[in-house]
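*Asks:* Give me the fold of what follows.
(chains A and B)
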Amino acid sequence: MPAIDIPEAETREKTGLAAPWNVIVHNDPVNLMSYVALAFRKVLGFSKDKAQKHMLEVHHKGRSIVWTGGREKAEFYVQQLHSHLLLATLEPAPEG
Amino acid sequence: MKFVATKEGALALEEIPPVLFGLLQAIPLRAASEDPRVESRFYPAPALDALLVEDWKSFVRPELQETFLSAREVVLADLCGTLETEGGFSMKIPPNHMDPWLSTLNQARLAIAEENHFGEKDLSEEIVPDSSDPRPLALFQISFYGFLQECLVKMQD
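*Replies:* Reported below is the predicted structural model:
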């Protein structure tokens, strides 16, 4: 049997975390503040105080970053927030 | 009209006058608006990425439509169980129906606001009744549904 030259395979393993994404909730004049805070608690599992803090940030600053992490989970949270009729978007988190 | 938290955790609405009962009956209908402005508010773009927006329309939007529709159906069924008594109408919102009610009330409030182009300023203005203008009635509807939402949020706290 003829010998087969098996080329030496060079493999490189790439490790590292995927770039994080932000989930952002935007202000809406119609949604009640108490309802927005309740939606944060239900969807994101926030404590009452944390939900209140983010709700007030949305109200006063027009938007609040409510979660940062992997894209798939960010999409899931945006869908859940949309199911509560909140204006939510996802965008890549700025580097650094 | 009385709002009573029952021992079982339900919200009982009692002695509802006919005018307010009419507004309650209108909730599922107002929530089911097909106005394009309402559609865009109910199904906002999740990001700037065009590919994600297209995927969202194909996969997420039908799920959201189903969620909103099933919430409206729960509310409609509860409204069908309303009793007429001497003091007015009465009905109960059981604990496991509170989420569908919150959703449908929110749908209705957002739909009315979009259809009437209401902004923050309009929503905070004093409501002056005027039979020749549908605007104060729309504002009153948003306010009444908001009050009911607040009661439901408090009961879930």
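*Asks:* how close does whatever residue of chain A ends up closest to chain B sit to residue A:79?
*Replies:* Nearest residue of chain A to chain B (C-beta to the nearest C-beta) works out as residue A:29 at 3.8 Å. (C-beta placed from N, C-alpha, C; glycine too.) Distance, residue A:29 to residue A:79, by C-beta to C-beta, to the nearest Å: 23 Å.
*Asks:* Then residue A:87?
*Replies:* In terms of C-beta to C-beta, residue A:87 sits 13 Å off from residue A:79.
*Asks:* Comparing these two, which residue is more hemmed in?
*Replies:* residue A:79 (20 against 17; other C-beta atoms under 10 Å in any protein chain shown).
*Asks:* Just the element for that one, please.
*Replies:* helix A:71-83 (DSSP states H and E).
*Asks:* quick one: is that helix near chain B?
*Replies:* Yes - Helix A:71-83 reaches chain B (C-beta under 8 Å from any C-beta of the partner chain) through A:75, A:78, A:79, A:82, A:83.
*Asks:* what does the model give the fourth one for pLDDT?
*Replies:* Read it as residue A:82. We have a pLDDT of 98 for residue A:82.
*Asks:* that older thread, just the mean pLDDT for the next helix or strand after the helix holding residue A:79, thanks.
*Replies:* Where DSSP H and E defines the elements, the next helix or strand beyond helix A:71-83 is strand A:87-92. Regarding strand A:87-92, the rounded mean pLDDT is 97.
*Asks:* Wait, residue B:4 touches residue B:90, no?
*Replies:* No - between residue B:4 and residue B:90 there is no contact under C-beta atoms under 8 Å: 9.6 Å.
*Asks:* Compare the two and say which one has the larger neighbour count.
*Replies:* A count of neighbours by other C-beta under 10 Å puts residue B:90 above the other of residue B:4 and residue B:90, at 18 against 11.
*Asks:* Is the more buried one in a helix, a strand, or coil?
*Replies:* Classification of residue B:90 using DSSP: H, G, I helix; E, B strand; the rest coil returns strand.
*Asks:* Cool, thanks, signing off.
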